[in-house]
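1. fold the following for me, if possible:
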Amino acid sequence: MAYTKRKALPTQSYLEECFEVKSGGIYWKERPSYHFTSGVGKASGAKLAGNKVVGRTASKGYRQVRLEGVSYYLHRLVYKLTHDTEPELIDHIDGDCENNHPTNLRSASHSENKFNRKKPKNNSSGYKGVSFHKKNKKWVSQLNYKGKHIHIGCFDSPKNAHLAYLKKAQSLVGGFALGG
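-> Model (predicted):
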């Protein structure tokens, strides 16, 4: 699977001039006039100072913020602001893509990020990684990791199958294995 190159984020020092991290979240600062060289946002820049950064909802529920006419994902800006790095993927630890507090964000590989997803909406077992095998009349526990299908086992109850799934997932990716 090919991934497109992301646009470079502003520098950490620029972001420090825009945002302030507080216990309640991320807040706008009153920004210097040189931030508005294009004239875009000059009037709203002062009005936003002190307000919580909300942005607008973009694809899949992620929040976006505009700086000088360019849209950026809020979680990427927060991560750059607090870590001064731009990882390929940023994982929301609690699975809530609207919770962009720095303590809820971590760098992740593609495999790790896949495990920190909730169960699919079409899941009928009620448990992530579990399905019913009609022929055997057993609950099957399985997962995919680094492109390989891993059959964990067959169980009499969906709960036991799910516990086996969690144990295997945690052995592969540690804290990225979401219970969902």
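2. and S111, what does it touch?
-> By Cβ atoms under 8 Å, 6 or more residues apart in numbering, the contact list for S111 reads 145-146, 172-173. In short, each C-beta sits where N, CA and C put it, glycine included.
3. same thing but at 10 Å, please
-> Counting by Cβ atoms under 10 Å, 6 or more residues apart in numbering, S111 makes contact with 144-147, 172-173, 176.
4. what lies in contact with stretch 166-176?
-> Contacts with stretch 166-176, where a contact means Cβ under 10 Å, 6+ apart, come from 91, 93, 106, 108-109, 111-117, 127-129, 141-143, 145-146, 150, 152-153, 177-180.
5. at 6 Å instead, please
-> Residues from elsewhere that reach stretch 166-176 (Cβ atoms under 6 Å, 6 or more residues apart in numbering): 112, 115-116, 145, 152, 177.
6. and the contacts of S111, which is the shakiest by pLDDT?
-> pLDDT across those is lowest for F176, at 80.
7. so what's the residue count around Y79?
-> 21 (other Cβ atoms under 10 Å).
8. run through the protein and note the low-pLDDT ranges.
-> Scanning the chain for pLDDT under 70 picks out 1-6, 34-46, 178-180.
9. show me the helices in it, by range?
-> Under the criterion DSSP state H, the chain contains helices at 12-18, 42-48, 74-83, 110-115, 158-173.
10. same list (the ones you listed) but as a markdown table, adding distance to W28.
-> Below are those laid out as a markdown table (distance: least, Cβ to Cβ, whole Å):
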| stretch | distance to W28 |
| --- | --- |
| helix 12-18 | 7 |
| helix 42-48 | 4 |
| helix 74-83 | 12 |
| helix 110-115 | 29 |
| helix 158-173 | 35 |
